[in-house]
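> My questions are about this predicted structure, shown below with the sequence.
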Amino acid sequence: MHDPILDIRGLTKVYPGGLKALDSVDLSIRRGEIFALLGPNGAGKTTLIGAVCGMVRISAGSIHAFGGDLANNWRTARQRIGLVPQELGFDMFDTVERQVGYSRGLFGRAPDRARIEEVLRSLSLWDKRDEEIRKLSGGMKRRVLIAKALAHDPELLFLDEPTAGVDVELRRDMWRQIDSLRDQGVTVILTTHYIEEAEEMADRVGVIDKGRLLLVDEKEAMMKRLGRTEAHFVLAAPVSSLPESLRAYPVTLAEDGAVLSYRGGDGTGKGKAEVAAVATALLQAGIAFTALDQKESSLEDIFVDLVERQGLAA
Ligand SMILES: Nc1ncnc2c1ncn2[C@@H]1O[C@H](COP(=O)(O)OP(=O)(O)OP(=O)(O)O)[C@@H](O)[C@H]1O
């Protein structure tokens, strides 16, 4: 196994005033992966990024990046990291190309107009290169933020809520952009509220809430492990008990015997097959149904479930 590009151990951040924004977080990021950090408002996502990018002073724990302790070689490590922050922050009166070129210089890279042109073109910003940033639409300003973060060719890129408040078209564009970064071997860590985004983009997903990393797993494995099928059969006439042939399935009667509910499967298709078998068994037992409502759980359900369970446990 290759060394992780980023290795976080026991990371804790207590803000002045006592709020624990990060609570002993352990996280290893592999080179070249797309990692989605998923969590509700105030979970600690931005704080975690800030800790790695040197904007947040950590209270305890360690961060290793590119094989070295960040505390000892922060400046050189930072040159290899790109950050697309949540908030727009640039000189609004400057032009697109100048701002993006300036960002490259900021991290010690020699000027390279061809490279800046490439970055601007990939974000459909080349035609706007001489525009003042203040005159751009919100979506275009966001693209400039990304261009700035890419200008010094980072190996590790943080995107903090890259698609918060952007329209569907720009969101798709950004997904494409992230895909092409993956092809170039850039490691990407993105934070998001949008489960759809994690489901679409990420190789691995971490769920964070109240400063605690609840779960980290391959996206596919997570869906498999925690995925469920739920189905409800509306029966033509209520029944008082289940036929013997259904005892082997995870089914229950609800609404005074008028609805038969199935909850099972493992996100691999087993649930769907079992629902079909339950339907057959019902008909064979002479129990007709008038409607069937079936749903596969998504990463969203898994996430809500995890956060709720954590809330109950806290
Ligand atoms: N400078 C600060 N001083 C005190 N508390 C802070 C500071 N910055 C953040 N916090 C608190 O730390 C917690 C974590 O905030 P953080 O911004 O990291 O969460 P987040 O997951 O990024 O949330 P969001 O999705 O809303 O951006 C929140 O309760 C927040 O209010």
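Structure received.
> contacts, neighbours, all on C-alpha from now
OK.
> Walking through the protein, point out its strands one by one.
With DSSP state E, the ranges of strands along the chain come out as 6-14, 20-29, 34-38, 60-65, 68-69, 81-84, 156-160, 187-192, 204-209, 212-218, 229-235, 251-254, 259-264, 289-296.
> so which of those gets nearest the ligand?
Ranking these by proximity to the ligand (Cα to the nearest ligand atom) places strand 20-29 first, at 4.4 Å.
> Any chance of the strands of the chain in a markdown table with mean pLDDT as columns?
A markdown table is the format used below for these (pLDDT from 0 to 100):
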| stretch | mean pLDDT |
| --- | --- |
| strand 6-14 | 97 |
| strand 20-29 | 97 |
| strand 34-38 | 92 |
| strand 60-65 | 96 |
| strand 68-69 | 91 |
| strand 81-84 | 92 |
| strand 156-160 | 93 |
| strand 187-192 | 91 |
| strand 204-209 | 90 |
| strand 212-218 | 90 |
| strand 229-235 | 93 |
| strand 251-254 | 93 |
| strand 259-264 | 92 |
| strand 289-296 | 91 |
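> what's the closest of those strands to residue 168?
Evaluated over the strands of the chain, closeness to residue 168 peaks at strand 187-192, with 14.9 Å, by Cα to Cα.
> who's in contact with the residue nearest to residue 90 when sequence neighbours are not counted?
With Cα to Cα, 6 or more residues apart in numbering as the criterion, residue 90 has its nearest non-adjacent residue at 7.7 Å, and that residue is residue 99. For residue 99, the contacting residues are 90-91, 148, by Cα atoms under 8 Å, 6 or more residues apart in numbering.
> Most neighbours out of those residues, which is it?
Within the contacts of residue 99, neighbour counts (other Cα atoms under 10 Å) peak at residue 148, which reaches 26 neighbours.
> Give me the residue at the spatial middle of this protein.
Most central in the chain under Cα atoms, centre = their mean is residue 36, positioned 3.0 Å from the mean C-alpha point.
> residue contacts, that residue?
189-192, 198, 201-206.
> make it 6 Å
189-191, 198, 202, 205 (Cα atoms under 6 Å, 6 or more residues apart in numbering).
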